[in-house]
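A.B. asks: When you get a sec, could you give me coordinates for this:
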Amino acid sequence: MRKIILLFLLSVAMFSCNRFRNKETDGKKDLRIVSLSKHLTEMVFALGKGHDLVAVDLSSTYPDSAKLLKTVGYHRALSPESIIAMNPDLVIHSNDIGPENVLPQITSAGLNIKAFGGANTIDSAKLLLKDLGNFFGEEAKADSIIQKMDSDIAIAADSLKALNFTDTPRVMIIHFGRANNVYFVMSGRNGVGDKMITMAGGKTAIYDAKGARQISAEAVATANPDIIIATDFGFDQMGSMDKFIEGVPGVLLTNAGKNKQIVRFEEHDLVYFGPRSGENILKLMKLLHPTGVQTK
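C.D. replies: The predicted model follows:
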């Protein structure tokens, strides 16, 4: 009898571990999805499949509905146990997650995992929207989103051409990294934020970070930006513009600090391209050139 019980428990455990591996996932059906990449979260909502999401990573803060979902940790400091506990049919990510052991752990637990592309360029964002549209059976909606995205970006480009300015402001993005609890400069790496600054009529302040994550007061002062974009969490943590200028290393010594040219911007709007990028470029343009952009 004891041997029979042990065999029964073993078979239950094996079934539990393999319940997802033996199941085909079909995005056209309702699924319990955990999203581990913020741009995927926004795009899933944009495609009308947000109701399938049961949990997201901590950086998935758009749209507001995403903030109502359970979180499974910061995307580079995820909790495998929290992901497994959500009992998902599917876990989606873009190969930008951590720590290194998270994928092996959730894979060995039998979870069904699907990797999609990134959105570091406008073209890659459009390709990703198409891939997601195909997966969820929302091809027409994906095409419509891409058309609007192209139209909005064209409007932003036309608005920039219409601007009449002689000096291009030097711009720096300062971000608070919640994974390491430090402020660091997000610009100067030719990332999405830098591209958006250029598209909005600015230029990236030269910052020699030497790969360091923590902000250097000397480097910030040397870069001497005319405008500093502070991402939302880091700005709000300080409580006000004056406290940000006084509290973040090096800011007080810059033109931006002296002239109180600190603008608050949502982090998720500066780190990937997506459905709202054209709108966000125009919004940034109005902050960099407040007297030059005509509003409709």
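A.B. asks: okay, CA-based contacts and neighbour counts for the rest of this
C.D. replies: OK.
A.B. asks: So which residues of the chain form helices?
C.D. replies: Listed in chain order, the helices of the chain (DSSP state H) span 2-18, 38-46, 80-85, 102-108, 122-136, 139-162, 192-199, 217-223, 232-238, 241-247, 255-258, 277-288.
A.B. asks: Point out where the stretch 101-250 of the chain drops to low pLDDT.
C.D. replies: Along the stretch 101-250 of the chain, segments meeting pLDDT under 70 span 179, 209-213.
A.B. asks: Pipe the helices of the chain into TSV and attach distance to residue 267 and mean neighbour count per row.
C.D. replies: TSV is the format used below for the helices of the chain (distance: least, CA to CA, whole Å; neighbours: other CA atoms under 10 Å):
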stretch	distance to residue 267	mean neighbour count
helix 2-18	37	11
helix 38-46	10	23
helix 80-85	24	16
helix 102-108	24	15
helix 122-136	17	19
helix 139-162	19	17
helix 192-199	10	21
helix 217-223	20	18
helix 232-238	6	17
helix 241-247	16	16
helix 255-258	19	19
helix 277-288	11	22
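A.B. asks: Select, out of these, the one closest to residue 169.
C.D. replies: helix 277-288 (7.3 Å; CA to CA).
A.B. asks: Can I get that closest one as CSV, trimmed to CA atoms?
C.D. replies: Listed next in CSV are the C-alpha coordinates belonging to helix 277-288 (Å, rounded to 0.1, in the frame of the first residue of the first chain):
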residue,chain,number,x,y,z
SER,A,277,5.5,57.4,-29.7
GLY,A,278,4.5,60.2,-32.1
GLU,A,279,2.4,61.8,-29.4
ASN,A,280,5.2,61.5,-26.9
ILE,A,281,7.7,63.1,-29.3
LEU,A,282,5.4,66.0,-29.8
LYS,A,283,4.9,66.3,-26.0
LEU,A,284,8.6,66.3,-25.5
MET,A,285,9.0,68.9,-28.2
LYS,A,286,6.7,71.2,-26.4
LEU,A,287,8.8,70.9,-23.3
LEU,A,288,12.0,71.5,-25.1
